[in-house]
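Student: Here is my input, please return the structure:
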Amino acid sequence: MYEGPFASWVNDSLAGTIYVTFWCLAARLIFRSVKPARIAIYVLALTSSLEIMQLWHPPFLEYIRTFAPGWTLIGTTFSWLDFPHYVAGAFIGGFWAGRLPGGKGGAD
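Tutor: Coordinates of the predicted model:
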């Protein structure tokens, strides 16, 4: 966890931007023929769905959330303020994914 200036914002909000950007780039490396804009839209939709799932607390999800990979990947607390950071991450990820070499998708 980051402990420097603006630690709360970096850990709670900026992390969402980095999370979405990372998954856009990872998806682009795996799905080379898919256009970066489409990847960004899918990653944004999936990430937003995971955020909304944080409103749901069935026992099996609560169990998964007790482990670091669980709370890191699916989260624990819903916040509307995360959505603008996800959108920013999708724009940044889509932009950089379009600049990765290879594939027929090219930059949109």
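
Student: my read: Gly98 touches Arg38, true?
Tutor: No: between Gly98 and Arg38 there is no contact under CB atoms under 8 Å: 11.0 Å. In short, each C-beta sits where N, CA and C put it, glycine included.

Student: neighbour count winner among these two?
Tutor: Gly98 (19 against 15; other CB atoms under 10 Å).

Student: For that one, what are phi and psi?
Tutor: As for Gly98, its main-chain torsions (degrees, to the nearest 10) stand at phi -70, psi -20.

Student: How about Gly70?
Tutor: The phi/psi pair for Gly70 (degrees, to the nearest 10) reads phi -70, psi -50.

Student: Use 258 as the first number from now on
Tutor: New numbering, starting at 258: the last item is Gly327.

Student: so who does it touch?
Tutor: Tyr320, Ile321 (CB atoms under 8 Å, 6 or more residues apart in numbering).

Student: what do you get if the cut-off is 7 Å, keeping everything else the same?
Tutor: Contacts for Gly327 were tallied using CB atoms under 7 Å, 6 or more residues apart in numbering; they are Ile321.

Student: Okay, it and Arg356: tell me how far apart.
Tutor: When distance is defined by CB to CB, to the nearest Å, Gly327 is 32 Å away from Arg356.

Student: again, but for Leu338
Tutor: In this view, Leu338 and Arg356 are 29 Å apart by CB to CB.

Student: Then Ser265?
Tutor: For Ser265 relative to Arg356 (CB to CB), the value is 32 Å.

Student: okay, the two: which has more neighbours?
Tutor: Just comparing Ser265 and Arg356: by other CB under 10 Å the higher neighbour count belongs to Arg356, 11 against 8.

Student: Tell me which stretches of the chain form strands.
Tutor: Here the chain has no strands by DSSP state E.
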